[in-house]
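Visitor: coords below, sequence missing:
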């Protein structure tokens with residue numbers, strides 16, 4: 001799915017120019033001509049990013065941004081403020097009110113598209129984590145969000161010690177974060193029992209040209225620093241390398257000569273995003289797998305599947321494809337080879353289903369030899385192609401059972417239904433898919449049947 005971007009500007013010409021630029025990069029564009037319309041569309045359409053003009057007749061873009069961030073339904077949507085105002089005070093006000101970035105007109109297209117790509121990647125990651133967290137919260141297992149901020153660990157990777165100490169003194173007067181000046185070599189060293197930095201501030205040129213960009217790539221490739229935030233410092237007007245830095249994984253960029261107060265605010269924003277991501281990952285990972293996982297196949301179980309399917313329908317407002325899949329004549333496998341072999345076949349089937357679906361699709365074992373696959377944002381044609389792919393993946397090659405040194409051939413019947421969040425429930429979709437599955441069984445098995453409501 002391409003990113004959906006809401007462009008907010010009271011001048012029609014500005015909206016059209018922005019739409020042309022974004023559409024050329026294959027983004028879907030929504031438009032609003034005032035602050036009130038922006039707030040309404042943001043809540044209704046849930047865009048992936050908002051480009052927001054500061055000067056509008058009904059309310060300022062800064063006020064709109066503040067209201068978006070105060071509303072839980074729109075708080076996670078990234079906002080880029082765009083304005084003709086060039087004074088530092090306006091920029092600081094926007095950033096302090098929750099804007100993810102602030103660009104001045106005329107907007108450099110290279111910088112704009114790089115910022116858009118960076119924020120959309122971050123938003124998609126947050127969205128996937130949030131969906132999983134809500135799945136667990138559906139049966140009361142999510143931890144409460146932290147309600148206070150503690151000092152963060154900020155690494156200032158300086159080209160020389162004197163520069164690093166200058167940055168440190170300036171930032172110390174503006175906050176209580178733990179600031180540590182590091183050499184490029186020290187930034188790549190694991191600190192052992194000490195926590196790794198939350199945010200790295202890195203000049204683009206370290207020791208030699210583009211040394212900071214290479215360091216950023218190294219940090220992104222290492223498990224211990226992969227999830228840390230990074231802010232890149234660049235020479236004034238160096239938009240080309242700014243775009244490269246964002247595409248390499250920098251969360252933000254800032255050009256020399258920079259205002260220490262602005263650097264402090266941007267560090268605070270990166271720290272907030274990093275902590276939110278950490279919390280979401282922790283809520284998904286810590287001790288929840290056993291409660292929502294089928295122990296035999298490693299797939300999610302019925303409990304998780306129902307909660308997540310309800311989230312798909314409630315959150316997307318778009319097509320959600322649901323498949324019921326059932327192994328044909330599976331009782332004969334247990335009768336002929338024993339239940340241990342039957343279990344091995346189920347585990348192998350689950351592995352094939354995982355390999356032939358997308359990471360954000362829902363794959364679950366409902367019980368026995370029955371499975372569920374749900375595809376968010378999938379139309380009927382896409383879902384049918386996936387269903388056929390899964391059917392062939394199961395029946396196309398025999399399953400090897402190591403303990404007996406033999407192979408077992410099985411086939412799978414599939415029932416497919418398509419639903420919309422505003423008119424379908426998880427239960428009704430499962431019922432439609434189950435009826436379609438029954439049709440596949442009745443018509444000879446090893447088939448895909450589409451529910452009459454989806455056809």
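Guide: Looks like it came in fine. These figures come from a predicted structure and were not determined experimentally.
Visitor: Okay, and the residue lying closest to residue 378 once chain neighbours are set aside sits in which element?
Guide: Counting by CB to CB, 6 or more residues apart in numbering, the nearest residue to residue 378 once its immediate chain neighbours are dropped is residue 321, at 4.3 Å. (Glycine included, C-beta is placed from N, CA and C.) Per DSSP states H and E, residue 321 falls inside strand 319-327.
Visitor: packing partners for that strand?
Guide: The criterion is 3 or more CB pairs under 8 Å, 6 or more residues apart in numbering; DSSP states H and E, and the helices and strands that strand 319-327 contacts are helix 302-316, helix 339-355, strand 370-376, helix 380-395, strand 412-420, helix 426-442.
Visitor: Parallel or antiparallel, list what pairs with the third one.
Guide: In the sheet containing strand 370-376, the strands it pairs with under DSSP bridges are strand 319-327 (antiparallel), strand 362-367 (antiparallel).
Visitor: Any chance of the ones you listed in TSV with mean neighbour count as columns?
Guide: Below are the strands paired with strand 370-376 laid out as TSV (neighbours: other CB atoms under 10 Å):
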stretch	mean neighbour count
strand 319-327	25
strand 362-367	21
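Visitor: Tell me which of the ones you listed approaches residue 83 most closely.
Guide: Residue 83 lies closest, by CB to CB, to one member of those: strand 319-327, at 37.5 Å.
Visitor: Please work out the average pLDDT along that closest one.
Guide: Average pLDDT, strand 319-327: 95.
Visitor: follow-up on the earlier one: tabulate the helices and strands packed on strand 319-327 in JSON lines, adding columns for mean neighbour count.
Guide: JSON lines is the format used below for the helices and strands packed on strand 319-327 (neighbours: other CB under 10 Å):
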{"stretch": "helix 302-316", "mean neighbour count": "20"}
{"stretch": "helix 339-355", "mean neighbour count": "18"}
{"stretch": "strand 370-376", "mean neighbour count": "23"}
{"stretch": "helix 380-395", "mean neighbour count": "18"}
{"stretch": "strand 412-420", "mean neighbour count": "25"}
{"stretch": "helix 426-442", "mean neighbour count": "19"}
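Visitor: hmm, who's touching whichever helix or strand comes after the strand holding residue 321?
Guide: Using DSSP H and E, the helix or strand that follows strand 319-327 towards the C-terminus is helix 330-337. Residues external to helix 330-337 that are found in contact with it (CB atoms under 8 Å, 6 or more residues apart in numbering): 327, 341, 342, 345, 368, 369, 401, 404, 406, 408, 410.
Visitor: same thing but 7 Å
Guide: Helix 330-337 has contacts (CB atoms under 7 Å, 6 or more residues apart in numbering) with 341, 342, 345, 369, 404, 408, 410.
Visitor: farthest pair in these?
Guide: Pairwise over the contacts of helix 330-337, using CB to CB, the maximum falls at 369 and 404, 18.9 Å.
Visitor: Just grab the bridge partners of the residue nearest to residue 116 when sequence neighbours are not counted for me.
Guide: Excluding its sequence neighbours, the residue lying closest to residue 116 (CB to CB, 6+ apart) is residue 49, at 6.2 Å. Beta-bridge pairing of residue 49, defined through DSSP bridges, involves residue 5.
Visitor: rewinding a little: for residue 369 and residue 404, indicate the residue with more neighbours.
Guide: Neighbour count, other CB atoms under 10 Å: between residue 369 and residue 404, residue 369 has more, with 21 against 13.
Visitor: Spatially nearest residue to the residue most central in space within the chain, not counting backbone neighbours?
Guide: In the chain, the C-alpha nearest the mean C-alpha coordinate belongs to residue 125, at 1.9 Å (CA atoms, centre = their mean). For residue 125, ignoring the flanking residues on the chain, the nearest one in space by CB to CB, 6+ apart is residue 277 at 7.0 Å.
Visitor: Neighbours of the one you found, how many?
Guide: 16.
Visitor: Just read off the phi/psi values of it.
Guide: phi -60, psi -40 (degrees, to the nearest 10).
Visitor: can you pull the pLDDT of it?
Guide: pLDDT recorded at residue 277 is 83.
Visitor: next one: the strand holding residue 321 to chain centre, how far?
Guide: Put simply, strand 319-327 sits 24 Å off its chain's centre (CA atoms, centre = their mean, to the nearest Å).
Visitor: what residues are up against residue 180?
Guide: By CB under 7 Å, 6+ apart, the residues touching residue 180 are 153, 155, 156.
Visitor: on that earlier part again, lowest mean pLDDT across the helices and strands packed on strand 319-327, which one is that?
Guide: helix 302-316 (a mean of 87).
Visitor: next one: phi and psi at the spatially closest residue to residue 220 that is not a sequence neighbour?
Guide: Using CB to CB, 6+ apart and skipping the chain neighbours, the partner closest in space to residue 220 is residue 249 (4.4 Å). When read as degrees, to the nearest 10, the backbone of residue 249 gives phi 120, psi 0.
Visitor: pretty sure residue 249 contacts residue 216?
Guide: Yes - using CB atoms under 7 Å, residue 249 makes contact with residue 216 at a distance of 6.3 Å.
Visitor: who's more crowded, those two?
Guide: The residue with more neighbours, out of residue 249 and residue 216, is residue 216; 25 against 19, by other CB under 10 Å.
Visitor: That one: what secondary structure?
Guide: helix (DSSP: H, G, I helix; E, B strand; the rest coil).
Visitor: measure it to residue 277 for me?
Guide: From residue 216 over to residue 277 the distance is 18 Å, taken as CB to CB, to the nearest Å.
Visitor: who touches stretch 195-203?
Guide: Contacts to stretch 195-203, defined as CB under 7 Å, 6+ apart, come from residues 152-157, 159, 187, 212, 215-216, 219, 224-225, 228-233, 267, 270-271, 274.
Visitor: Report the buried members of those.
Guide: Buried subset of these (neighbour count, 16 or more other CB atoms under 10 Å): 152-157, 159, 187, 212, 215-216, 219, 225, 228-233, 267, 270-271, 274.
Visitor: just for the stretch 151-300 of the chain, where's the confidence low?
Guide: Applying pLDDT under 70 to the stretch 151-300 of the chain picks out residues 191-193, 283-290.
Visitor: at 80 what do you get?
Guide: 151, 175-176, 190-194, 280-291 (pLDDT under 80).
Visitor: quick one, strands of it?
Guide: Taking DSSP state E, counting those that start in this stretch as the test, the strands found in the stretch 151-300 of the chain are 153-157, 178-182, 199-203, 229-234, 252-255.
Visitor: do you know which of these lies nearest residue 79?
Guide: Closest among those, using CB to CB: strand 252-255, at 13.8 Å.
Visitor: And that closest one, what does it pack against?
Guide: The contact analysis (3 or more CB pairs under 7 Å, 6 or more residues apart in numbering; DSSP states H and E) places strand 252-255 against strand 229-234, helix 239-248, helix 260-285.
Visitor: run the last query once more with 10 Å
Guide: helix 109-137, strand 199-203, strand 229-234, helix 239-248, helix 260-285 (3 or more CB pairs under 10 Å, 6 or more residues apart in numbering; DSSP states H and E).
Visitor: Tell me which of these sits nearest to residue 309.
Guide: Between the helices and strands packed on strand 252-255, helix 109-137 lies closest to residue 309; by CB to CB that is 9.1 Å.
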